[in-house]
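Q: this one's sequence-less:
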Ligand SMILES: Nc1ncnc2c1ncn2[C@@H]1O[C@H](COP(=O)(O)OP(=O)(O)O)[C@@H](O)[C@H]1O
Ligand SMILES: [Mg+2]
């Protein structure tokens, strides 16, 4: 369920940015967004971020920031399945949607199939069956259209150790056929964004773990992707470095980028994600906003939701020695 609005009436007062609708609750003959007809007509689903508590006094208009996003799912996954050699059923008949501009979290214990799913979404791992559409393009039929639209930072950062940040970014820009001047401009912007301007001309082998992650994030953004895929972007980082990454990702999402994130950190998921799917043994076991999930599973926090839905306690997890990530495999 993408849209649950408890307010009975919402008046559309301004639509701007094609996305954001400022609405007020009140007596007005507003559009009743619960009506399927209205939803259909506008082609939107809504997410509200309340700017204050609702009061019963409807006569004082309460400004509600109603963010309406295109109903078009920017990621559409249907019956996605991956069976590795040896009949390893890593992903089994998984279906879900991610809306444009959404911050979507993908959680699950080690070996659940998160990386396999994510890699299939960006066509790095070939799916066994099912369909994946990215911005309307089926990944296996139009991989180039998909690559243009997605940026990805995989589970293990694979940097060329004898290249500098600038050199790697230049190379990536060229791979996306970007003009040289635009590449230079992007390098400047992105290194500033992730606060790495100072190390632009140093070999990547000299970077700390946090720097590598931040640089990998910048690298994944060179071509201004619409969707950013992040596989455990804060794994192995200290709390300060994690906070830095969170801030950057949050800003990107605020600017309109769709984020697909897998993470092990429940606080990360709870704070950042608008909607979460939890995967276990290759299947999605539950899906919803953090609040919805906590209510549905009668849990005080996401950690409890996780424990209840997967029976898995993250603290006791062991390292997955057979991760789907190509970089992890390459290093074995
Ligand atoms: N290349 C591979 N060959 C065989 N099995 C694999 C491969 N990659 C992953 N797997 C298996 O698929 C399952 C899902 O792995 P993965 O997608 O990495 O899970 P997660 O990212 O949730 O930890 C695991 O059982 C893993 O051992
Ligand atoms: Mg993984």
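A: Noted; the coordinates are in hand. All values derive from a computational prediction rather than experimental measurement. Ligands and ions are numbered 1, 2, ... in the order given.
Q: how does the chain divide into domains?
A: When the chain is parsed with automatic domain parsing, its domains come out as 7-70, 73-312.
Q: mean pLDDT lowest for which of those domains?
A: Looking at the domains of the chain, the lowest mean pLDDT belongs to domain 7-70 (a mean of 36).
Q: what residues does the residue most central in space within the chain make contact with?
A: Central residue of the chain (CA atoms, centre = their mean): residue 260, 1.8 Å from the mean position. Residues in contact with residue 260, defined by CB atoms under 8 Å, 6 or more residues apart in numbering, are 75, 98, 104, 106, 118, 121, 227-230. Yep, even glycine has a C-beta here, placed from its N, CA and C like the rest.
Q: how about 6 Å then?
A: 104, 229 (CB atoms under 6 Å, 6 or more residues apart in numbering).
Q: grab the nearest non-local neighbour of residue 107.
A: residue 278 (4.9 Å; CB to CB, 6 or more residues apart in numbering).
Q: neighbours of the one you found, how many?
A: Residues within reach of residue 278, counting by other CB atoms under 10 Å, total 27.
Q: assess the claim that it and residue 287 are in contact.
A: No. With contacts counted by CB atoms under 6 Å, residue 278 stays clear of residue 287, the gap being 7.4 Å.
Q: what is the burial count for residue 290?
A: Burial of residue 290 is recorded as 21 neighbouring residues (other CB under 10 Å).
Q: swap in residue 175?
A: Neighbours around residue 175, by other CB under 10 Å: 11.
Q: now it. Its backbone dihedrals?
A: With angles defined as degrees, to the nearest 10, residue 175 sits at phi -60, psi -30.
Q: quick one: residues contacting the closest residue to residue 273 other than its chain neighbours.
A: With CB to CB, 6+ apart as the criterion, residue 273 has its nearest non-adjacent residue at 3.3 Å, and that residue is residue 105. Residue 105 makes contact with 261, 269, 273, 276 under the criterion CB under 6 Å, 6+ apart.
Q: hang on, the second one in a helix?
A: Same thing as residue 269. Yes. According to DSSP: H, G, I helix; E, B strand; the rest coil, the state of residue 269 is that of a helix.
Q: distance of it relative to residue 263?
A: 6 Å (CB to CB, to the nearest Å).
Q: which parts of the helix or strand containing residue 79 are buried?
A: Using DSSP states H and E, residue 79 sits within strand 73-84. Buried residues in strand 73-84, counted by 16 or more other CB atoms under 10 Å: 73-77, 80-82.
Q: and those as JSON lines, adding distance to ligand 2?
A: Below are the buried residues of strand 73-84 laid out as JSON lines (distance: CB to the ion, whole Å):
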{"residue": "73", "distance to ligand 2": "23"}
{"residue": "74", "distance to ligand 2": "22"}
{"residue": "75", "distance to ligand 2": "18"}
{"residue": "76", "distance to ligand 2": "22"}
{"residue": "77", "distance to ligand 2": "17"}
{"residue": "80", "distance to ligand 2": "16"}
{"residue": "81", "distance to ligand 2": "18"}
{"residue": "82", "distance to ligand 2": "13"}
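Q: what about the nearest residue to residue 119 once chain neighbours are set aside, how many neighbours?
A: Nearest in space to residue 119, with sequence neighbours left out and distances taken as CB to CB, 6+ apart, is residue 125 at 3.8 Å. Residue 125: 20 surrounding residues under other CB under 10 Å.
Q: that's a strand at residue 125, yeah?
A: No. Residue 125 is assigned coil when assessed by three-state DSSP, not a strand.
Q: hmm, back to that, quick one, which of the domains of the chain is nearest to ligand 1?
A: Of all the domains of the chain, domain 73-312 sits nearest to ligand 1, with 3.2 Å by CB to the nearest ligand atom.
Q: and stretch 80-99, how far from the chain's centre?
A: Put simply, stretch 80-99 sits 18 Å off its chain's centre (CA atoms, centre = their mean, to the nearest Å).
Q: brain fart, stretch 303-311
A: 21 Å.
Q: in that stretch, which residues are buried?
A: Within stretch 303-311, the residues that count as buried by 16+ other CB under 10 Å are 303, 305-310.
Q: and it, is it in reach of ligand 1?
A: No. Stretch 303-311 is not in contact with ligand 1 by CB under 6 Å from any ligand atom; minimum separation 10.8 Å.
Q: how about residue 232, what does it touch?
A: By CB under 6 Å, 6+ apart, residue 232 lies in contact with 155, 262-263.
Q: ok, and the most crowded of the residues you listed?
A: Ranking the contacts of residue 232 using other CB under 10 Å puts residue 262 first, with 24 neighbours.
Q: can you name the residue of the stretch 1-150 of the chain nearest ligand 2?
A: residue 115 (3.2 Å; CB to the ion).
Q: brilliant, that's me finished.
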